[in-house]
Each structure stands twice: as C-alpha cells, then as structure tokens.
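In: I'd like to go over a predicted model; first the sequence, then the structure.
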Amino acid sequence: MAAEHRATGNAGLAIGSGSRLSRICVRGVLLLGVLISLFPFYWLVVMASGTTQDIYDYPPKLVPGPHLLDNMGRVLDTIDFFGSLFNTVVVAVVGTALVLFFDSLAAFAFAKYEFPAKKFLFGMLLVTYMIPAQLSLVPQFVTIAEFGWAGSLKALIVPGAANAFGIFWMRQYAQNSLPDELLDAGRIDGAGFFRLYGQVALPLFRPALAFLGIFTFIGLWNDYIWPLVVMIDPEKVTLQVALANLNVLYNADYALVMAGALMSVIPLIVVFLFGARHFLRDLAAGAMKM
Amino acid sequence: MEHRTMSRRRFLGASLGGAGAGLLTLSGCGTAEGSASAGSDHLSLWYWKGSLSDKLLATARRGVPGVPGLKVKGSQVPDGDIDSKVRTSLAARAYVPDLTVVNNDNLATFFPDEDEFLDLRDLGAESVRDRYLDWKWKACFTPTGRMIGFPLDAGPTALYYRRDLFERAGLPHEPADVAEQIPTWEEFIAAGRTLRRKAPGKPCLVSNIGNVFQQVLLQSPKQFVDADNRFIGDQEHIRRAWDLSVDILRQGLSARITDGTPDFNGAMSGGRVATMTTAVWAINGLKDTAPKTSGSWRLTTLPDGPCNYGGSYVTLTRYCREPEAAFAFLTWLLSPANQLESYQEMALFPTTPASYADPAMHKPDPFFGGQQPIDVFGPAAQKAPVVYFSPYEETANTPFFQELANVETLGKNPERAWRDAVNTAETALTRLGVS
Amino acid sequence: MATVLDPAGAPATDERRADRRGGSTPPGGRRRHVPPLLAISPFYMLFAVFGAFPVVFSMYLSVQDWDGIGDMRFVGLKQYGWLLKDSVFWHSVLNTFEIWFLSTVPMLFLALVLAFLLHSQVRFAGAYRVAYFIPNVTSMVAMTIVFGSVFAQAGLANALLRAVGLDGIGWLSSEWGIKASVSIMIIWRWVGYNALIFLAGLQAIPTEHFEAARVDGANSWQTLFRVVVPQLRPVVLFAAVTSTINGLQIFTESQVLFQSTDVGTTGGPGQEGMTIVLYLWQKAFKEHQFGYGAAMGWLLFAIIAVFTIINWRLVSGSDRDDRRPGIAGLLRRKGARDGR
C-alpha cells in the first residue's frame, strides 16, 4: 500500500516543526493563502449585494449591502437564468454519464482483455491526446454544422463523450484494483464480457468513477469557447455564455452582472463541496499514479 | 445555392467514410429547418439592446396587430456580436433568425452574401416606399439591385454639451450661440482648452478621441474603400480625422476613457467630461449613465456640420419561415406611427418623414433643460451627407480605431501608429482581394 | 493499489504485468475479440468523426479562402504566407508567451511553497485543500468579471494602492498592467491546484529518505534541497510542461475581460491582451475567415509541438531510462486542465 511508504505530516519534512514561532509563521502564511483564495468570492458577494453606484464610490464599501435578493431578482427578469442553468445541467450530467460509461467500458477491455492490434490502438489513443483542441476549432465547427447539430446540446455532449484521458486513467485503475481471480470466478459462472463489466468491474471502479465524474462534470460545466462558438441561438445557451452576454449587454449595471456571476458560481461550488473530500484525496493520490 | 451545399456535403460525407456519411444523411436540413424559430409558434428576430422598442416587441410577442396568428419573439444579441452571430448561423445553416437587425455601416458587409437574404421587393416593398426617407431607402439595396434591408431608424448626430460647464468657463453656452461660435473642429478644440482652464473641476472635452475620429470620418462621403474596391484610407479625408483626434489628445483634452466602462459612467456623472459627439440614439444611454446631471446638458449642431452615425435596417433571411407575414410585421413595426412611439420610448429617430411634424416629436426634454431634441436632430437628419460603405469597411477601419486607441491609452507615437494602421489595413484588405 | 510514487518506473511495471495477465482471456475463436473491440469502439468512432477528420479537414480549409457561407476559393499556401506577415498574429504570439511566463513562473514557485507548508501542517489539512482548490472549480467567466471590476481604474486594486499612498495603475489600460491582470487571474486559479499535486508528490517521498538525511545531521533547508527537490523534480517539470501547453491556449480571461469595450479593442488597449487563441477565434468566428483561422490553428499546433518537444527533452534528460511515465504524467495533468 502506498500509504505505508508515505511520509506523514512533519515526520518527513522538518520545515515548521522546529520552534513554535515558525509553526505560527507557517499557519499565518497558509491562512493568508486561504484568504487570497477565497477573497474574490467574498468580493463577488459584496458587489452582488450593493448598488451599481456603490461600486464607483471611494473608499469602496467592503461589507455586503442589502440588495442581494433584489439584484438576483433582476437577473431572473433579464436573462433566462433557469433555462441556461438547465442546459448546462443537461450537458454536464449527460456528458459525464456518457464519459463514465464509454471510458470505463474501454478501460476494462484494455486492462483485462487481449485483442488484435491492442498495442497499436492504445498507442494511438495516447497520440490523439496530444492534439490541442484549438487546432480544430474551425473544422470541428464546420463538421458539427454539416451534421445539423450546431446550436443543439448534442454539439456539446457527443464529441467529448469518450475521451483518451478518461480511458487511460480508468485503465490504470482497472489494472491495479480489479483482481483477475474475480473475473475468472465470474467466467466460471458463465458471465460474458458485458456481464463481467457490469457486475464485477463497475462496482469496483466506483472510486475512480467518482473522481473522473467530478472532474468531467466541472470541465463540462465551465467550458466556454466551444459553447460560445457552437451555441448559435441566443435563446439556447449555457450558463457561461449567458453570463458573458449579460456582462456585455448590461455592463453599465454592475450590480446586476455581479449578481448573475454569483448565481452562476453557486451551483458548482455546492456540488464540489459535497464531493470535495473524495475528489481531493483521489486527485492527490491519482496524480501520482500515472 | 443548393448545388453548392450538396457538393460541400458530399465532400464531407466522402471524407468521413461510412459512419460519417450515414450520420450526415440522417441530419439533412433544408431552409425551413434552418430557422431559429423552427417548430415554434413565432418568428424569431435578433436585435441588440436599444435598437428596437421594447414596448412594440412586447406587443409583437403576444401577437402582431393586424396580422392574425403572427407572433414575433425578439432575442437580444450584443451589438458587437450580432453580425458575426448571424454569419455563424448562416454558415451552420441552423438557428438562423427569421429577421435580424443590421447596423448602418454593416449592411454592406452582407452584400457579398446577398443571396442569404430575401429580396424585399418580392414581398411588395415598393408599395410602402413613399413613407420612408429617400436616402435611407436607397441604402437598402445591394449593388446588384437586391433590396435586403428595410429602414429602421436614422442616426443624426449632434454635439451634446454641458451648458453649465460652458457657461462657467465663459464660453458661449446657448445652443444657437454654440453652433454659431463653434462651427468647426478647430474652434471646438479651442473651446476645449478654455474648458480645461476655466471650468470647475477642469473637465476634459471628450471621453476619448475615437468618438471624434468616428464623426469626422462620417462627415466625409468617402470612407476607407471606394466603389471600385480600392483602398483610399491613406488619403486626406482620413488623415484629417486622424490629425484632429490626435490634436485633442496632444492638448490634454481627452479623458482617455473607453465608453461603456464603469470609469466612463463615473466620469460622465461626475462632470469630468463636458461634451459628447454622437448620435440621437445615445440619449437614453446618457440618461441612464448620468441621471444626476439631468438639466445641464444641451444639444447643438456638430462642428463642421451633421452626419449620420448608425441607424439600422431589418433584414429577412432566406431561412425565414413565413416571409409574407414577416414583411407584414415590418410594415407594422416601422410604420410612421410606431416609429414615433419608438422615438419617444427609445430615442430611435424615425426614417418616416411624416412623423417629424407630429407634436409628440416636439416635446421639451427636461434632461436637456427643456430643449426639444428634434430641433437639432431633425435638420441634421436631412443635412447628413450620403456616405458610400463598401463591404470591407470594418476590416479597413478597425486597424485605425485600434491604433488610435494605442496612441491614446499607451502613448504610442502617432506617426508610427498611422503607418502601422495603413499597413495593417492594406494587408488585411489584400487577403480579401481589395487593393 | 500497488503503485507507489516513483514517476520514473512504477507504472511501467504495471504495464508489463498487464501484458502477462492478458493470458487470462478465455480461449475461443476470433469471436471472443468482438466484445472488447466493441467496448473500445465508441472512442475510436467519435475520434474519427470529431477528432481525426477535423484535423484533416483543417488542412484542406487552410488552403482555401472561405467565409463559411459562400464558395470556397483555393489560395494555396497564401494563408500561411499572410499569417507569417501578420503583425497582429506575431503580437499575439509574443503576448501569449509573456503572459505564460508572467503566470507560470510565480505560480509554480508559490505552489511549491504552499505544498511545503501544507506538508508540515497536520491540522485542518482537509479544509486547506478545499479552500485552495475552490478557485480551480469556479467558472472562469464569472471570476474574470469579478477581477475585471477589481482592476478597473476606479476598482478595488487601485483603491488599495491609493489607501497606502501610491498612485493607481492602469491595470486594464497599459501594456504590462493588462498582462499582469491576466497573469494574476491565471495564478489565482492554478496555484492551489498545483500545490495539491506537489503535496501528493511530497507525501509519496519514502520516510527513510528523510531519516537518512537526519542521521547525516542535515537541517531543514539541507533536507529540502538534498531530498525533496531532487525527488520532486519530475513532478515540477511535468507541471511546467502542462502549464506551457495550457498557457499557450489562454482565451477566456482575455476575451471576457475586454469583450464589453468597443469593437476596436479585442484583446484590450494596444491589443496587449490578444492571445493566439483569441486571435484565432476573432478571425474565424468574428470576421469569418475560416481558412485563415484554420491556418492559424496549424501554426499554433506547430508552436505547441516545438515547446512540448523542448520540454520533453528536458524531462527525459532527467530520467532517460523510461520515458513512458513521462508521457503518462503529462497526459494526466493535461487532462486535468482541459477538463475533458
């Protein structure tokens, strides 16, 4: 087990373990870091709860004002917030589900089965990952347009529904955490490939799926350039694009724009805070495993 | 049109191989499905905030009066994005709006793709011709004689100025006096020096020099590319606009603020900028930005005379699901009576001369100390020079606006900036086949 | 999970083992290959249509002049020629590198410092991680809007400067102000992320190494340089490589920061915030020069490829015995940033 070899806490690295003073210093710097990390969110709340006039004032008001609900209400009147939230949720949920399914299925095959050209196919998978997304921004748009998918949520979901990174990561996990004995036992019971995948592999993949899932979800939720290009209908956009449009259209009404920004940020933070514990543990452990 | 579409599709299908070709056949799309309103009970109309009357749009959303069963739903697109969004939808042949608003100088950029828009003469446009300003009507036609635009509003310009600041600086401050004693841009700059010295708070003359460049440009009938597709942006008429703008900056009379930023809003409401050189449609923006300054603004003739800045058209794309109904909607929305409504509500200046005589156009405006804006904008609309816009105007003028901003915000050497602007514009135009 | 951190060798061991294990597939005819091939097919089908084809098509597009609506016009390699002479393009390349440098160097340094501090801090470790990671989770659009207001002329940043008696800075209206603003946003977003990666690297260093150092009588700083830095080097280099690949694709910050200002200022005053991808987007989707945009995509690809190769050389110089984990580590973190 990896943990046995790991240094834990100050046992390993001596910085900060010396005097009391240096411990306080360490804590101070860490807290300062937390403050900087979180301050923009606080400032967002301050601006979203004030009036536009407050924002021009000097010295600036540093505490939240009383207008938060009022400003949020105006956002709902101005843009179709729930409509774009819905689109974003659909893209993130469906996209994540597809990625988890296709990636784990392919990973299972790569990890536990032999088939012709396996080495070549896996090598190709790695190479595809080296192609930067922006290279094909234009041709990808044209391709999607030829399909008649421009402006539809399909355009945001389907092209990324199976990805090299996820397959690679799941395969690595499958090799380490899926004992052959379990599969052999399943085979004796007469289970085929897909039953073994569904009944044996998938339950064991759970932690890896959770990590890949949150990861994919965050990525899909925050994607900007692709929906900006491909979601043509102004009535049917994702949250990110709706917010960017609000920012352009109402840039004189700062309180409104800030309230919109706050509303767009909250759902994902809530999702993240629910899964944060598992996610960060896996991020840290997983990062090293590759 | 269809032929080209097919060949493109066949190319893609062939290169994608079996799977791709299969998917492509599944997703055929004709013009009807290409509309943004396909499958809905309304027609779609793209516009930017402030380009159409909110009230009339609200009515049209419920049902267009006089056109039974027709509903039109407006969608706001940021004005800097609308042309490119329309183009993107045309390229994708999906979610194309049935109707779209196009800004004055940008209508020509669609001329090369004129087939993407319906010819309004086929829908009986000639029958309402005499309601509209002659020059505006003529500007709706492409060089091949296709009428792709319908007159929305006009953009007569004026000098907006702070009467109180002018008075405190000892300058002429009544509209008639200002027009008489500040007839040229040179006089305007001289007045700016006085303001900076004598008015309280040492206000700047303009928020940025781009606005002045824009107006001097529009006072010239020639722009950057002539009717023979030759680049003329390095000639005297542009150079004069450039030099005047740079002069204002050099004399420290520009606040060097980008319009529409929080800093701009602060400067306008704080009296740190004494004039605006812009069109009639800017009235509501100014009222929103600087409500506290109500009563102290006045309007008068622009130095060197009026020009037309902005003012828009409505087009019908070839994807429009119900062309006849859409045209009926246009004649309702842009009738003299409704243009009058739009003027009162949104400061959209009518392109229907019949509206001008209406008493409703002659209401005193307290924001301008009881002055009637029509007294300035009315004559301006008639005296504005007719300007030739080529399809390549935006490509050609963008480097100039950019370099001017470089001079203003980054202190770039004006001569170097001018050379860079000319070079960049020429290079960009070469790519498009303009020499 | 058998893999211990050893970026040089461990995963390779796994792979060899996997190959041996391959023998456990049941005997049967060719048909036994059908299910696994079926299982991996969705990726290859999607890649063929949305990955490989656009790349090939992009080559075709880049030799055409096309506005996406009318007919294509074959122009040969002219697009590339124009691009090489396009001063705005080169300006955007320069800006991109400047912003990359201004953001990546401080970011990696701060991330290392934070990782060390977090490593020695046992209490509230979970809370710290969450707090440091949150900037990475939130949407760039929303946070760019927030930072945009902080950096406005009358914004919070200048108010703070004035409060301590300094002059305000033209954050969004001067050459280096713009670059600093964009860089600060990138740093804010990625420091915590990289710190957590480094922290994992630190935690995976076997305790014996520290004990050996202690037996030798090394103090904290000596331990840091003798044990930690050599062990972390591959991790840091990988982070540097991925920061390069992502840094060269900066878009959202610049686009959102200046989108509400006038048409003439894409990328901000003097176009000092114009990045390669922003310029590509502008040419392709604002001005609809699809051929030009496609050609630019290829030049971007070439630039990224050159830098990846340079970085790879640097990395493989340090552990020549096995490059595979190098690629793997790179993939891992690139995936992390793409979010796809």
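Out: That came through fine. Numbers count the residues shown, from 1 in each chain, chains lettered A, B, ... in the order given.
In: For stretch A:31-43, give me every contacting residue.
Out: A:265, C:114, C:128, C:131-132, C:134-135, C:138, C:143, C:146-147, C:150, C:156, C:188, C:192 (CB atoms under 8 Å, 6 or more residues apart in numbering or on different chains). Placement of C-beta: from N, CA and C, glycine included.
In: Likewise for stretch C:244-253?
Out: Counting by CB under 8 Å, 6+ apart, residues outside stretch C:244-253 touching it are A:132-134, A:224-225, C:96, C:99-100, C:103-104, C:140-141, C:144, C:182, C:185-186, C:273, C:275-278, C:281, C:300, C:303-304, C:307-308, C:311, C:334, C:337-338.
In: low-confidence ranges in the chain?
Out: Unless you meant another one, I'm taking chain A. Scanning chain A for pLDDT under 70 picks out A:1-18, A:56, A:282-290.
In: sorry, should have said chain C
Out: In chain C, residues with pLDDT under 70: C:1-29, C:121-122, C:260-265, C:312, C:314-340.
In: Would you mind finding the longest helix in it?
Out: helix C:87-120 (DSSP state H).
In: buried ones in the very next helix or strand once past it?
Out: Sequence order places helix C:125-137 as the next helix or strand after helix C:87-120, per DSSP states H and E. Within helix C:125-137, the residues scored as buried using 16 or more other CB atoms under 10 Å in any protein chain shown are C:128-137.
In: Name the nearest residue to residue 144, sequence neighbours excluded.
Out: Let's take chain A. In space, and not counting its chain neighbours, A:I144 is closest to A:A155: 4.8 Å by CB to CB, 6 or more residues apart in numbering or on different chains.
In: not quite, I wanted chain B
Out: Nearest one to B:T144, counting by CB to CB, 6+ apart, is B:E114 at 6.7 Å.
In: tell me the domain boundaries of chain A?
Out: As assigned by automatic domain parsing, chain A contains the domains A:2-67, A:79-249.
In: and stretch A:80-98, does that touch chain C?
Out: No: under the criterion of CB under 8 Å from any CB of the partner chain, chain C is not reached by stretch A:80-98; the shortest gap measures 8.6 Å.
In: In the chain, which residue is most central in space?
Out: If you meant another chain, say so; for now it's chain A. With distances taken as CA atoms, centre = their mean, the residue of chain A nearest its centroid is A:I218 (1.8 Å).
In: wrong one, I was asking about chain B
Out: Centroid-nearest residue in chain B, with CA atoms, centre = their mean: B:G310, separated by 2.9 Å.
In: and the gap between that residue and chain C?
Out: 12 Å (CB to the nearest CB, to the nearest Å).
In: Wait, that residue touches B:T157, no?
Out: No: with contacts counted by CB atoms under 8 Å, B:G310 stays clear of B:T157, the gap being 9.1 Å.
In: which neighbours do the two share?
Out: Contacts common to B:G310 and B:T157, judged by CB under 8 Å, 6+ apart, are B:A279.
In: Which positions in the helix or strand hosting C:L232 come out as buried?
Out: Per DSSP H and E, C:L232 falls inside helix C:229-247. Across helix C:229-247, burial judged by 16+ other CB under 10 Å covers C:231-232, C:234-247.
In: cool, and stretch B:334-350?
Out: Quick answer for stretch B:334-350 (16+ other CB under 10 Å): B:334-336, B:338-343, B:346-350.
In: Count the neighbours of A:N245 for me.
Out: Neighbourhood size, A:N245 [other CB atoms under 10 Å in any protein chain shown]: 21.
In: Just the helices from the stretch 1-150 of chain A, written as ranges.
Out: Counting by DSSP state H, counting those that start in this stretch, the stretch 1-150 of chain A has helices at residues A:2-5, A:20-48, A:52-56, A:68-78, A:81-112, A:118-128, A:137-146.
In: winner for burial among those?
Out: Highest mean neighbour count among those (mean count of other CB atoms under 10 Å in any protein chain shown): helix A:137-146, with a mean of 25.
In: helices and strands around that one, which ones?
Out: Counting contacts by 3 or more CB pairs under 8 Å, 6 or more residues apart in numbering or on different chains; DSSP states H and E, helix A:137-146 packs against helix A:225-230, helix B:2-26, helix B:82-92, helix C:53-61, helix C:276-281, helix C:290-318.
In: one more time with 7 Å, if that's ok
Out: Here helix A:137-146 touches helix A:225-230, helix B:2-26, helix C:53-61, helix C:290-318, going by 3 or more CB pairs under 7 Å, 6 or more residues apart in numbering or on different chains; DSSP states H and E.
In: Report the angle between that helix and helix B:82-92.
Out: Orientation check (axes from the mean of the first three to the mean of the last three CA atoms, to 10 degrees): helix A:137-146 against helix B:82-92 gives 60 degrees.
In: Which residues does helix A:137-146 contact?
Out: For helix A:137-146, the surrounding residues in contact (CB atoms under 7 Å, 6 or more residues apart in numbering or on different chains) are A:150, A:155, A:229-230, B:9, B:12, B:24, B:91-94, C:50, C:53-54, C:57-58, C:61, C:280, C:284, C:290, C:293-294, C:297.
In: What count of nearby residues applies to C:L166?
Out: Neighbours of C:L166 (other CB under 10 Å): 10.
In: shouldn't B:F389 be in contact with B:D105?
Out: Yes: B:F389 is within contact range of B:D105, at 5.0 Å (criterion: CB atoms under 7 Å).
In: Neighbour count for the two, which is higher?
Out: B:D105 (21 against 18).
In: residue contacts, that one?
Out: B:389, B:393.
In: again, but for C:V277
Out: Applying CB under 7 Å, 6+ apart, the residues contacting C:V277 are A:134, C:249-251.
In: If we use 6 Å, what do you get?
Out: A:134, C:249, C:251 (CB atoms under 6 Å, 6 or more residues apart in numbering or on different chains).
In: In the stretch 101-250 of chain C, which residue sits closest to chain B?
Out: Nearest residue of the stretch 101-250 of chain C to chain B (CB to the nearest CB) works out as C:Q153 at 4.3 Å.
In: Name the nearest residue to that residue, ignoring sequence neighbours.
Out: Closest to C:Q153 by CB to CB, 6+ apart is B:D263, at 4.3 Å.
In: so the one you found sits in a helix?
Out: Yes: according to DSSP: H, G, I helix; E, B strand; the rest coil, B:D263 belongs to a helix.
In: nearest residue to A:A242 other than its sequence neighbours?
Out: According to CB to CB, 6+ apart, the nearest residue to A:A242 is A:S84 (4.0 Å).
In: For the one you found, give me its contacts.
Out: Here A:S84 is in contact with A:237-239, A:242 (CB under 6 Å, 6+ apart).
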